[in-house]
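K.L.:
please find the sequence and the predicted model below.
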Amino acid sequence: MYSSPSSPLLCHSPRVTVIGAGRVGSTLAQRIAEKNLADVVLLDIVQGMPQGLALDLLEARGIELHNRKIIGTNNYADTTGSDIVVITAGFPRKPGMSRDDLLRTNAKIVVEAAKNAIAYSPDAIFIIVTNPLDVMTYLAWQAIGLPRDRVMGMAGVLDSARFETFIAMELGVLPSDVKAMVMGSHGDLMVPIPRFATVNGIPVTELLDAATIERLVERTRNGGAEIVELMQTGGAFFAPASATCVMVESILLNQSRLLPVAAYLQGEYGLNDVFIGVPCRLGCGGIADVLELNLTDEETAALHISAQSVRNNIERAQEILTSVTR
Ligand SMILES: NC(=O)c1ccc[n+]([C@@H]2O[C@H](COP(=O)([O-])OP(=O)(O)OC[C@H]3O[C@@H](n4cnc5c(N)ncnc54)[C@H](O)[C@@H]3O)[C@@H](O)[C@H]2O)c1
Ligand SMILES: O=C(O)C[C@H](O)C(=O)O
């Protein structure tokens, strides 16, 4: 039998760890493997569950025509050497709750997950998904002390996809022909920017009247809650997994896509020391650039109000974390 000398360079396969094998995490694992982007490690605290999901995904490989490794585990040692770590661990909201109501339950989970993961993957890029998103991303960043290009939150891609969907439904056009940008926090104070929304280059402001646009903006702001109310048992996960996968793909393939991402700001848009959704270029090192757009006074004011609410919740979260570690 012929055996070739092993070549570590040729053998390197990118590895993405997804912490939290619930609805978002497991769907994301499926998307990453079936798009043939990377091997996936799916980690959860529930014994047996990530292992079962991984086996199920492995059994689909022949049908889905990929050969990615998928590991299910409860042990962080199995995540060693990950290129990207995605944190989806934590509770989703129930009907009637805001995302901020999850602060108390999710802060400790996210901080511990981030610390455990960085111990085994010191070179990884981190993408946080757990809610309340902007605050959880800040806490993870603070806990692991990485430079700002390597820690980011997923929300803007999802919120923008929702805005694009509602515009496409209103106009009866192909969803992929619509491009939109939602900035700000992932909450009721998010900042959809209609003047940046186009259908194949045509501004939507040319195609829809102001009252219709405002209705679609409101539906976008309420997009997560609309699904929580309909499902009654948790939140959206198909579109969130797709949105996270777009970020993973842009990083792994160094695509340099310009995407709205929760990023740490250092003076951009007149904001400091806060994570909030702004357009960023994503490549193999994580956030390559934060793009600073010329916003109108009204848009800037909305972004600042959004950032202030994130700051208030960061303070609340820090108090909660201090009281649990006392
Ligand atoms: N940023 C966004 O746009 C966005 C979109 C969708 C969901 N979310 C958020 O993502 C989170 C997950 O949502 P979901 O629908 O997948 O929830 P889910 O309940 O289906 O899954 C969460 C998983 O986290 C696991 N978990 C809990 N504590 C853990 C720990 N310490 N370590 C490892 N795993 C742990 C649970 O066992 C569970 O399997 C929620 O906070 C939700 O609000 C955010
Ligand atoms: O709405 C939620 O609680 C989940 C997520 O943030 C979403 O926007 O779908």
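P.N.:
Looks like it arrived, so ask away. Ligands and ions are numbered 1, 2, ... in the order given.

K.L.:
for the residue in the chain positioned nearest to ligand 2, phi and psi?
P.N.:
Nearest residue of the chain to ligand 2 (Cβ to the nearest ligand atom) works out as Gly224 at 2.2 Å. No exception for glycine: its C-beta is placed from N, CA and C like everyone else's. Main-chain dihedrals, Gly224, degrees, to the nearest 10: phi -70, psi -50.

K.L.:
my read: it touches Phe237, true?
P.N.:
No: counting by Cβ atoms under 8 Å, Gly224 stays clear of Phe237, with 11.0 Å between them.

K.L.:
looking at the two, which is more packed in?
P.N.:
Gly224 (26 against 19; other Cβ atoms under 10 Å).

K.L.:
give me every residue that touches that one.
P.N.:
99, 186, 235-236 (Cβ atoms under 8 Å, 6 or more residues apart in numbering).

K.L.:
near ligand 1, from those?
P.N.:
Among the contacts of Gly224, the residues lying close to ligand 1 (Cβ under 6 Å from any ligand atom) are 186, 235-236.

K.L.:
neighbour-wise, which of these leads?
P.N.:
Highest neighbour count within the ones next to ligand 1 among the contacts of Gly224, by other Cβ under 10 Å: His186, with 28 neighbours.

K.L.:
hang on, it packs against Val135?
P.N.:
No: checked against Cβ under 8 Å, the pair His186 and Val135 is beyond contact range at 9.7 Å.

K.L.:
who are the contact partners of Arg23?
P.N.:
Applying Cβ under 8 Å, 6+ apart to Arg23 gives the contacts 92, 234, 237.

K.L.:
in JSON lines: those, plus distance to ligand 2, pLDDT and secondary structure.
P.N.:
JSON lines is the format used below for those (distance: Cβ to the nearest ligand atom, whole Å; pLDDT from 0 to 100; DSSP: H, G, I helix; E, B strand; the rest coil):
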{"residue": "Pro92", "distance to ligand 2": "6", "pLDDT": "97", "secondary structure": "coil"}
{"residue": "Gly234", "distance to ligand 2": "8", "pLDDT": "93", "secondary structure": "coil"}
{"residue": "Phe237", "distance to ligand 2": "8", "pLDDT": "98", "secondary structure": "coil"}
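
K.L.:
of the residues you listed, closest to ligand 1?
P.N.:
Of all these, ligand 1 sits closest to Pro92, with 4.0 Å by Cβ to the nearest ligand atom.

K.L.:
what's around the closest one, how many residues?
P.N.:
Look at Pro92: counted by other Cβ under 10 Å, it has 22 neighbours.

K.L.:
let me know the distance separating it from Ser309.
P.N.:
20 Å (Cβ to Cβ, to the nearest Å).
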